[in-house]
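Visitor: Sequence first, predicted coordinates after that:
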Amino acid sequence: MNGRPGPVQVRAEVVATSRAGAYHRLTVAAPEIAARALPGQFIALAVGGPDSALLLQRAFAIHRAALEGPQGGALTGGTVEVVYAVHGRGTAWLADRVAGDSLDVVGPLGQGFTLPETSRPCTLVGGGYGSAPLFPLAAALRAGGCPVDLVLGAASADRLFGAAAASRVADEVRVTTEDGSAGERGRVTDVLPDVLRRSAAGAVYACGPMGMLAAVSAISTAYGLPSQCAVEESMACGIGVCMTCVLPVRGDDGMTRMVRSCVEGPVFAGDRVRWADVGTVPVGTVGTVGTVGVGTVGAVPALRVVAG
Amino acid sequence: MSGVSAPEVDLTTHLAGVELTNPVLTASGCAAAGRELHQFFDVGQLGAVVTKSVMLYPRAGRPTPRMAETASGMLNSIGLQGPGIDAFCRHDLPWLVERGARAVVSIAGHTTGEYAELARRLRAAGGVTAVEANISCPNVEHRGEVFACDPTAAANVVAAVRRETAPDVPVFAKLSPDVTDIVTVARACIDAGADGLSLINTLLGMAIDTRTMRPVLAAGTGGLSGPAIRPVAVRCIYQVHAALPGVPIVGMGGVTTGVDALELILAGACAVSVGTATFADPSAPMRVLVELRQALAERGVRRVADIVGAAHRPADEPGLGEPAPSTLPAERRVGRP
């Protein structure tokens, strides 16, 4: 909707599945999606089959979009790979798919990472399988002449994703686990200041749990660095119609709005997201009682704000 | 029962005097204002786009989590997040009109006065195919705002909206299934001037996370939608059509396939909205349209209008599959002459 080709919906054949520690990899043949995908964008998959009791899309960040075809000629093929954890029945169903099965896939969706206009060292921080979209980002950054530091963290070694392959896409790699079963014991945020100093980082990119993103964003801001954070909010549709995946984000005008992480995100400037208020509708958000343009005709009870 | 090919099926339907090329619509709150779905199919090809309920002012909605997946259904507690009527009339309505889409605009207010003001602004804006008064959103701060739970409150809103809406633009009232007798509320709305009814809104539901032992939704309760509620929709449409056979009904509730849409039509709906199915399949409204056409052809139905409410006919009435519009009693016909 911003000049680039929009998403497509395709019936895509599963071409490969594999395990990656605690996670699953899924590769589907989807040339149109692969051709359009940018680092940080995601795909949405329907799960459970045609008579499924599971009605909502499962959204996954794109880990790899590979094109196959003669140079300059027609596209002959292309694949999209995602990484996911089995959280419930939908992802358990997905984990049972085998090569040759077909899936309903929509993508690429959302706003991807923005690359720096001039080359500079970039630090990429991934928590758990949140590191998946950082691999194509790292490749794009290095192609643009940016040195890349990759920081990967997880609770334990089996919950790290991509640690073995990291040195192929990054100049420097730091790994942390909370239990010390791989890399340094601790969290990504324990080593991040050191990485930022050593690399003379000019930009920070992150994907992972909300708490990690909040901390990475705060550290980046403290170091005077812009951060781009890819959030993982619970979504029903992935395309912007259901309004379930909203979070409070400050706009250019300083006003906070409840914005859709699927369409306006999933990548946000870290200093714009009101991390501490995620799960609430903060007082003063556009569209709450008392804000500009919101009056009442008759009595309106105070908005109920519940911490999520 | 055969001899009808899919392209031959006449899908024309009428919403209280307004002709639609086909009876498949989006459902309010499941298609925003059409833009997002237009990436996947031409929304102008649908019978109409029913837009997300718009309020007088911008609205932030409820805290998250706003959604919970349940068996064959989902709960939502969006809380009518939206841009407000002025932004809607500036940005969304003209966009639909430019694409040749018929816009059924859903409105929601806290008070009868707000509904009236919304209708006035829509009349000034123009380009509206029909107005749907959403008097049954369960995600409001208190049940007193669910006008559709009280026949008198429902009638007051409907009368106000009807008064402020151009005479050639039909007003539909969207009703809640969460009432003891939906026919009473339906009749009150029709007596107050509603040209038709939208049946049904979500059912008020709740899910509890057995791990955290807390409600899943930040708001506690939410509206249940999806195939889980389709039998409730069929029942409501059937009851209202039986009591008010001349009243056009837009049916919605768990429609995922063309055959589902057919079921609601047989119960008495002259048009059908596709809602929650759109979340897993953004092409769902267009797919349902194609499937409905096919389902009608397979059953030898030449005109969809002929089978609106067909489930009410005596079991021994012959020739359902034959093109026999003249055998339909006039009072079962849909829409105005």
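Guide: All right, it came through fine.

Visitor: State the phi and psi torsions of the residue of the stretch 151-300 of chain B found nearest chain A.
Guide: Residue nearest to chain A within the stretch 151-300 of chain B: residue B:279 (4.0 Å; Cβ to the nearest Cβ). Where you see a C-beta, it was placed from the backbone N, CA and C, and this is true even at glycine. Phi and psi for residue B:279, reported as degrees, to the nearest 10, are phi -70, psi -40.

Visitor: ok, it - contacts?
Guide: Counting by Cβ atoms under 8 Å, 6 or more residues apart in numbering or on different chains, residue B:279 touches A:55, A:56, A:57, A:236, A:237, A:241, A:242, B:30, B:74.

Visitor: can those residues go into CSV with extra columns for distance to residue B:229 and secondary structure?
Guide: Output for the contacts of residue B:279, formatted as CSV (distance: Cβ to Cβ, whole Å; DSSP: H, G, I helix; E, B strand; the rest coil):
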residue, distance to residue B:229, secondary structure
A:55, 12, coil
A:56, 15, coil
A:57, 20, coil
A:236, 16, coil
A:237, 18, coil
A:241, 19, coil
A:242, 17, coil
B:30, 13, coil
B:74, 10, strand
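
Visitor: Which of those has the largest number of neighbours?
Guide: residue A:237 (31 neighbours; other Cβ atoms under 10 Å in any protein chain shown).

Visitor: Quick check: phi and psi at that residue.
Guide: The phi/psi pair for residue A:237 (degrees, to the nearest 10) is phi -120, psi -40.

Visitor: Report the contact partners of it.
Guide: Counted by Cβ under 8 Å, 6+ apart, residue A:237 has contacts A:44, A:56, A:57, A:244, A:262, B:278, B:279, B:280, B:282.

Visitor: coming back round to it: what's the nearest residue to the residue of the stretch 151-300 of chain B closest to chain A if we skip its chain neighbours?
Guide: residue A:237 (4.0 Å; Cβ to Cβ, 6 or more residues apart in numbering or on different chains).

Visitor: Check residue 206 and give its pLDDT.
Guide: No chain in the question, so chain A it is. Looking at residue A:206, its pLDDT stands at 98.

Visitor: oops, chain B please
Guide: pLDDT, residue B:206: 97.

Visitor: my guess is it meets residue B:223, correct?
Guide: No - if you go by Cβ atoms under 8 Å, residue B:206 and residue B:223 don't touch, sitting 10.6 Å apart.

Visitor: What are the boundaries of the strands in the stretch 201-337 of chain B?
Guide: Along the stretch 201-337 of chain B, the stretches classed as strands by DSSP state E, counting those that start in this stretch are B:203-206, B:208-209, B:214-215, B:221-225, B:249-252, B:271-274.

Visitor: hmm, the second one in reach of chain A?
Guide: No - judged by Cβ under 8 Å from any Cβ of the partner chain, strand B:208-209 makes no contact with chain A; its nearest approach is 11.6 Å.

Visitor: same thing with the fifth one?
Guide: No - under the criterion of Cβ under 8 Å from any Cβ, strand B:249-252 makes no contact with chain A; the nearest approach is 14.8 Å.

Visitor: go on, the first one?
Guide: No - using Cβ under 8 Å from any Cβ, strand B:203-206 stays clear of chain A, with a minimum separation of 14.0 Å.

Visitor: Could you spell out the sheet neighbours of that strand, each with its direction?
Guide: strand B:221-225 (antiparallel) (DSSP bridges).

Visitor: before we move on, back to that, of residue B:206 and residue B:223, which one has the most company?
Guide: residue B:223 (23 against 16).

Visitor: what's the spacing between the spatially closest residue to that one that is not a sequence neighbour and residue B:137?
Guide: Using Cβ to Cβ, 6+ apart and skipping residues adjacent in sequence, the residue nearest residue B:223 is residue B:202, 2.8 Å away. As judged by Cβ to Cβ, to the nearest Å, residue B:202 and residue B:137 stand 8 Å apart.

Visitor: With neighbour numbers in mind, choose between those two.
Guide: residue B:202 (29 against 24).

Visitor: Relative to residue B:176, how far out is the more buried one?
Guide: 8 Å.

Visitor: which neighbours do these two share?
Guide: residue B:138.

Visitor: just to revisit the earlier point, let's have the strands of the stretch 201-337 of chain B in a markdown table, adding distance to residue A:203.
Guide: Putting the strands of the stretch 201-337 of chain B into a markdown table (distance: least, Cβ to Cβ, whole Å) gives the following:
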| stretch | distance to residue A:203 |
| --- | --- |
| strand B:203-206 | 44 |
| strand B:208-209 | 37 |
| strand B:214-215 | 38 |
| strand B:221-225 | 39 |
| strand B:249-252 | 47 |
| strand B:271-274 | 43 |
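
Visitor: For residue B:132, which of those strands is the nearest?
Guide: Shortest distance between residue B:132 and the strands of the stretch 201-337 of chain B, using Cβ to Cβ, is found for strand B:249-252: 7.8 Å.

Visitor: Could the C-alpha coordinates of that closest one be exported in CSV?
Guide: Below are the C-alpha coordinates for strand B:249-252, written out as CSV (Å, rounded to 0.1, in the frame of the first residue of the first chain):
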residue,chain,number,x,y,z
ILE,B,249,-32.8,-9.8,6.9
VAL,B,250,-29.0,-9.6,6.4
GLY,B,251,-27.8,-12.8,8.1
MET,B,252,-24.4,-13.3,9.7
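
Visitor: Report the separation between residue A:130 and residue B:304.
Guide: 49 Å.

Visitor: Repeat that for residue B:250.
Guide: On the measure of Cβ to Cβ, residue B:250 and residue B:304 end up 14 Å apart.

Visitor: Settle it for me: which of the two has more neighbours?
Guide: residue B:250 (29 against 25).

Visitor: before we move on, what SS does residue A:140 have?
Guide: Of the three states, residue A:140 takes helix under DSSP: H, G, I helix; E, B strand; the rest coil.

Visitor: shouldn't residue B:239 be in contact with residue B:183?
Guide: Yes - Residue B:239 is in contact with residue B:183 according to Cβ under 8 Å; the separation is 5.6 Å.

Visitor: now for the strand ranked longest in chain A, which elements pack on it?
Guide: Using DSSP state E, we find that the single longest strand of chain A is strand A:8-20. Under the contact definition 3 or more Cβ pairs under 8 Å, 6 or more residues apart in numbering or on different chains; DSSP states H and E, strand A:8-20 sits against strand A:23-29, helix A:31-36, strand A:77-84, strand A:102-109.

Visitor: Please state the offset of that strand from the chain centre?
Guide: Remark: strand A:8-20 is offset 18 Å from the chain centroid, using Cα atoms, centre = their mean, to the nearest Å.

Visitor: Would you indicate which residues of that strand are buried?
Guide: A:8, A:9, A:10, A:12, A:14, A:15, A:17, A:20 (16 or more other Cβ atoms under 10 Å in any protein chain shown).

Visitor: got the domain boundaries for chain A?
Guide: When chain A is parsed into structural domains using automatic domain parsing, the resulting residue ranges are A:8-109, A:122-230.

Visitor: Please identify the most buried of those.
Guide: domain A:122-230 (a mean of 21; mean count of other Cβ atoms under 10 Å in any protein chain shown).

Visitor: so, in contact with chain B or not, that one?
Guide: No - judged by Cβ under 8 Å from any Cβ, domain A:122-230 stays clear of chain B, getting no closer than 10.9 Å.

Visitor: All the strands of the stretch 201-308 of chain A, in order from the start?
Guide: So, for the stretch 201-308 of chain A - with DSSP E, counting those that start in this stretch - the strands run A:203-207, A:227-230, A:246-250, A:256-260, A:267-269.

Visitor: Please name whichever of the strands of the stretch 201-337 of chain B is nearest to residue A:147.
Guide: Between these, strand B:208-209 lies closest to residue A:147; by Cβ to Cβ that is 43.7 Å.

Visitor: what's that closest one packed up against?
Guide: strand B:214-215.
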